[in-house]
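Asker: okay, here's the prediction I keep looking at, along with the sequence it came from:
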Amino acid sequence: MGDEGQSIRKKARVQKRITASRDEWLLFKVLFVILLLLNVLNWLAPVLSASRSLLLQEAGAGIYFLLDPICHQLPDRCLRIEHIPMALCVRCTFIYLGAFLGLIVLFWQKHLRLKTALAVGVGIFVGGEILLEKFGMYSNWPILRGVSGFLSGLVVVLYFGRFTARKSNEKNNMR
């Protein structure tokens, strides 16, 4: 009975790992689709709005409306396509682009470990950049906004992806 009990426990641990792996894969796929959709809609909104077709213009307006809750959409802080601002500001555009590329990196490098000091450094850089602008030290440098947005999106996904993988491994090792 001892060997049989160990065999049953081993099968149960393997099944739990498979279930955890499925849950992580589902989360990855959902995040991948959401971020891909956000990036595509952001670029598509001004293209549709510049169209001659009233239906396509309305679709473009619908995209701006859909993305309004996640970004202030101030026209002077947005990249432009055909002189029409994109649906997200520069920082948000690059946050979502960085997060999307971070998911792709995690897909290929599942055991990537991002150092906490690097994540804190990026957080200080982004926070400092935002505070400097708030205090009027500079105004609206799209390149700096893009860099801080891209780094924050990338680092958040890579850093917290690490915790998800570690948490899953710890759960599996405890069982």
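Answerer: Nice, I can see it.

Asker: alpha carbons only for contacts and neighbour counts from here, please
Answerer: OK.

Asker: next SSE downstream of the helix or strand where Thr93 lies?
Answerer: Assigned by DSSP states H and E, Thr93 belongs to helix 90-108. Taking DSSP H and E as the definition, the helix or strand that follows helix 90-108 towards the C-terminus is helix 116-134.

Asker: distance from that following helix to the middle of the chain?
Answerer: For helix 116-134, the separation from the chain centroid amounts to 17 Å (computed by Cα atoms, centre = their mean, to the nearest Å).

Asker: low-confidence stretches in this structure?
Answerer: Judged by pLDDT under 70, the chain has its weakly predicted residues at 1-3, 5, 7-20, 162-175.

Asker: quick one, helices of it?
Answerer: 2-49, 54-67, 90-108, 116-134, 142-174 (DSSP state H).

Asker: buried sites along the shortest one?
Answerer: If you call a residue buried by 16 or more other Cα atoms under 10 Å, then helix 54-67 has these buried ones: Leu56, Gln57, Ala59, Gly60, Ala61, Ile63, Tyr64, Leu67.

Asker: can you give me how far that helix is from the chain middle?
Answerer: Here helix 54-67 shows a centroid-to-chain-centroid distance of 23 Å under the convention Cα atoms, centre = their mean.

Asker: run through who's touching that helix.
Answerer: Leu41, Asn42, Leu44, Ala45, Pro46, Val47, Leu48, Ser49, Ala50, Ser51, Ala87, Leu88 (Cα atoms under 8 Å, 6 or more residues apart in numbering).
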